[in-house]
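Peer 1: sequence-free structure coming up:
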Ligand code: 4AD
Ligand code: MG
């Protein structure tokens with residue numbers, strides 16, 4: 001007898017052998033004297049068939065969904081179908097309920113709790129239970145694989161992983177979205193981005209990356225903004241803007257290649273996002289100024305309901321309409337200085353714009369923001385001045401421009417947005433375990 005995880009089988013040698021399986025009852029169905037239990041254990045599903053006398057026992061007659069059970073029996077081949085997805089089932093000869101007995105049934109049954117109310121907020125209150133759903137758990141499996149693939153891709157590119165602090169006293173992406181708190185009597189913030197710290201690592205470590213939480217006190221409810229999200233950031237030394245774009249494209253494509261090559265997780269992506277095909281390379285490269293023209297030509301207004309003009313922020317709705325219409329990844333580059341962060345390097349041929357890039361994906365819009373960084377000390381001080389940020393607390397950042405400055409750049413990718421695109425989820429809230437956004441900090 002062998003213990004098996006309920007992994008999707010592929011011609012395994014387990015068939016015909018007596019096995020023991022442990023799992024939770026995902027679905028149960030009675031047909032005459034036979035009880036069919038679909039077990040779930042996080043690795044897969046297995047249909048178990050309990051005939052008499054097993055099906056007449058008290059525990060079988062009162063079986064509820066989510067109950068943890070141990071079942072012994074023989075694995076048999078059956079025609080693949082809804083209940084035996086991978087063409088095998090277990091003919092049980094013994095079973096027992098594990099732990100403290102059966103999961104709640106009747107009006108307290110998990111399905112009743114989750115469907116009662118049924119509105120989005122109730123479902124989010126019950127996230128600890130809805131996470132068990134098939135779609136929710138597949139998204140989490142893909143998330144696990146994507147995060148791991150980024151580590152692999154960065155290691156292949158010889159980047160080193162570092163772990164910058166989350167508690168900081170400097171902003172990166174504007175004061176409006178800072179979470180402030182009292183730090184032993186001083187003002188401090190939850191980090192918005194690890195970028196500035198990554199920059200300080202270049203002289204000692206070469207190219208670096210991190211996968212950390214970033215925090216934004218976003219005061220609007222949208223389908224792509226969280227208060228706490230997983231930020232994958234990289235910083236590269238001695239590069240040009242073109243190098244930055246090429247690296248970003250290569251990493252995104254390598255991650256997709258790794259994820260899709262995994263037979264289980266690649267399959268989940270295809271189930272969640274039926275039309276998914278890896279994007280064509282090179283990604284479309286489009287300058288901000290050309291995007292403004294595109295928006296004008298297509299009659300898509302700016303936030304004030306007027307025609308887009310150079311210098312306007314491209315708001316979420318307009319950005320998404322354009323990305324959806326073009327329907328492929330876009331590197332949108334060369335944003336005007338005024339609408340971008342203080343640290344961005346200007347384009348030497350057109351000082352009105354920065355060497356900046358947003359990577360836009362159909363269905364979501366921006367999933368990456370990056371740029372070359374100002375590496376000249378005086379220019380950086382002028383940028384602090386222009387944006388009204390006190391450079392005092394940034395002494396450790398400006399020092400980088402005094403002691404061996406270099407042309408460098410980097411980017412940050414929002415993991416939940418990447419997943420919303422890859423798994424075709426309506427909102428980033430469905431792409432993290434327990435979403436945090438304005439008004440929600442539970443469970
Ligand atoms: O464009 P952002 O603000 O850029 C930065 O933070 C840079 N300092 C990163 C860098 O160069 N190292 O954020 C980068 C990405 C966005 O493109 C988006 O995917 C994600 O982070 N992001 C959010 N994701 C979820 N909820 C939010 N509130 C987010 N804000 C940004
Ligand atoms: Mg951005």
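Peer 2: Done, it's in. Keep in mind it's a predicted model, so treat the numbers as computed, not measured. Residues are numbered from 1 along each chain as shown. Ligands and ions are numbered 1, 2, ... in the order given.

Peer 1: Now tell me what touches the top strand by length along the chain from outside.
Peer 2: The longest strand of the chain (DSSP state E) is strand 18-31. With contacts defined as CB atoms under 8 Å, 6 or more residues apart in numbering, strand 18-31 is touched by 1-4, 6, 35-41, 45-46, 48, 55, 63-75, 83, 90, 93, 98, 103. Where you see a C-beta, it was placed from the backbone N, CA and C, and this is true even at glycine.

Peer 1: Among these, which are located in strands?
Peer 2: Among the contacts of strand 18-31, the subset assigned to strands under DSSP E consists of 2-4, 35-40, 45-46, 48, 68-75, 90, 93.

Peer 1: need the strands for the stretch 101-250 of the chain, in chain order.
Peer 2: Remark: strands assigned in the stretch 101-250 of the chain by DSSP state E, counting those that start in this stretch are 160-161, 167-168, 179-183, 186-190, 208-215, 228-237.

Peer 1: low-scoring pLDDT stretches of the stretch 101-250 of the chain, where are they?
Peer 2: By pLDDT under 70, the low-scoring segments of the stretch 101-250 of the chain are 117.

Peer 1: Identify the bridge partners of residue 24.
Peer 2: The partner list for residue 24 in beta bridges (DSSP bridges) reads residue 40, residue 68.

Peer 1: Report pLDDT for it.
Peer 2: pLDDT for residue 24: 95.

Peer 1: Apart from its neighbours in sequence, what residue is nearest residue 46?
Peer 2: Sequence neighbours aside, residue 6 is the residue nearest to residue 46 in space, at 4.4 Å (criterion: CB to CB, 6 or more residues apart in numbering).

Peer 1: if we can go back for a sec, which among the ones in strands among the contacts of strand 18-31 end up buried?
Peer 2: Neighbour counting by 16 or more other CB atoms under 10 Å classes 4, 35-40, 45-46, 48, 68-69, 71-75, 90 among the ones in strands among the contacts of strand 18-31 as buried.

Peer 1: hang on, the earlier thing: and the strands of the stretch 101-250 of the chain, which is most packed in?
Peer 2: strand 228-237 (a mean of 23; mean count of other CB atoms under 10 Å).

Peer 1: Report whether that strand contacts ligand 1.
Peer 2: Yes. Residues of strand 228-237 contacting ligand 1 under CB under 6 Å from any ligand atom: 229, 231, 233.

Peer 1: Point out the residues in the chain that sit beside ligand 1.
Peer 2: Residues of the chain lying close to ligand 1 by CB under 6 Å from any ligand atom are 172-173, 193, 195, 216, 218, 225-226, 229, 231, 233, 366-370, 410-414, 416-417, 428.

Peer 1: got the domain boundaries for the protein?
Peer 2: Annotated domains of the chain cover 2-107, 134-431 [automatic domain parsing].

Peer 1: I'd like the distance from the first one to the chain centre, please.
Peer 2: Which is domain 2-107. 32 Å (CA atoms, centre = their mean, to the nearest Å).

Peer 1: just stretch 243-252 next, same as before
Peer 2: With CA atoms, centre = their mean, you get 19 Å for stretch 243-252.

Peer 1: list the contacts for residue 236?
Peer 2: Applying CB under 8 Å, 6+ apart, we find residue 236 in contact with 159, 207, 243, 244, 247, 408, 409, 410.

Peer 1: got it, and residue 418?
Peer 2: By CB under 8 Å, 6+ apart, residue 418 lies in contact with 146, 232, 361, 367.

Peer 1: For residue 289, which non-adjacent residue is spatially closest?
Peer 2: Leaving out its chain neighbours, the residue that sits closest to residue 289 by CB to CB, 6+ apart is residue 310, at 6.2 Å.

Peer 1: I'd assumed residue 336 was in contact with that neighbour.
Peer 2: Yes. Assessed by CB atoms under 8 Å, residue 310 is found in contact with residue 336 at 6.9 Å.

Peer 1: Which ones among the contacts of residue 418 map onto helices?
Peer 2: Cross-referencing the contacts of residue 418 against helices under DSSP state H gives residue 146.

Peer 1: of all the contacts of residue 418, which two lie farthest apart?
Peer 2: Farthest pair in the contacts of residue 418 (CB to CB) is 232 and 361. Separation: 14.5 Å.

Peer 1: Now do the contacts for residue 202.
Peer 2: Residue 202 makes contact with 208, 235, 237, 406, 408, according to CB under 8 Å, 6+ apart.

Peer 1: hang on, the earlier thing: wait, which of the contacts of residue 236 is closest to residue 270?
Peer 2: The closest of the contacts of residue 236 to residue 270 turns out to be residue 247 (CB to CB; 27.6 Å).

Peer 1: State the distance from that closest one to residue 25.
Peer 2: 48 Å (CB to CB, to the nearest Å).

Peer 1: same check, this time on residue 335
Peer 2: The value you get for residue 335 to residue 25, if CB to CB is used, is 53 Å.

Peer 1: can you tell me the helix or strand for residue 43?
Peer 2: Using DSSP states H and E, residue 43 sits within no helix or strand.

Peer 1: Surely it and residue 3 touch.
Peer 2: No. Using CB under 8 Å as the test, residue 43 is too far from residue 3 to be in contact (12.0 Å).

Peer 1: Quick check: neighbours shared by the two?
Peer 2: By CB under 8 Å, 6+ apart, no residue touches both residue 43 and residue 3.

Peer 1: what's the closest non-adjacent residue to residue 401?
Peer 2: Spatial nearest neighbour of residue 401, excluding adjacent residues (CB to CB, 6+ apart): residue 377 at 3.8 Å.

Peer 1: My guess is the one you found contacts residue 398. True?
Peer 2: Yes. The pair residue 377 / residue 398 is scored as a contact, 6.6 Å apart, by CB under 8 Å.

Peer 1: Check the residues of strand 228-237 next to ligand 1 against residue 108 and report the nearest one.
Peer 2: Nearest to residue 108 among those, with distances taken as CB to CB, is residue 229, at 34.1 Å.

Peer 1: which ones are touching the closest one?
Peer 2: 213, 214, 216, 414, 415, 416, 428, 432.

Peer 1: quick one: which of those residues sit in helices?
Peer 2: Those of the contacts of residue 229 lying in helices (DSSP H): 415, 416.
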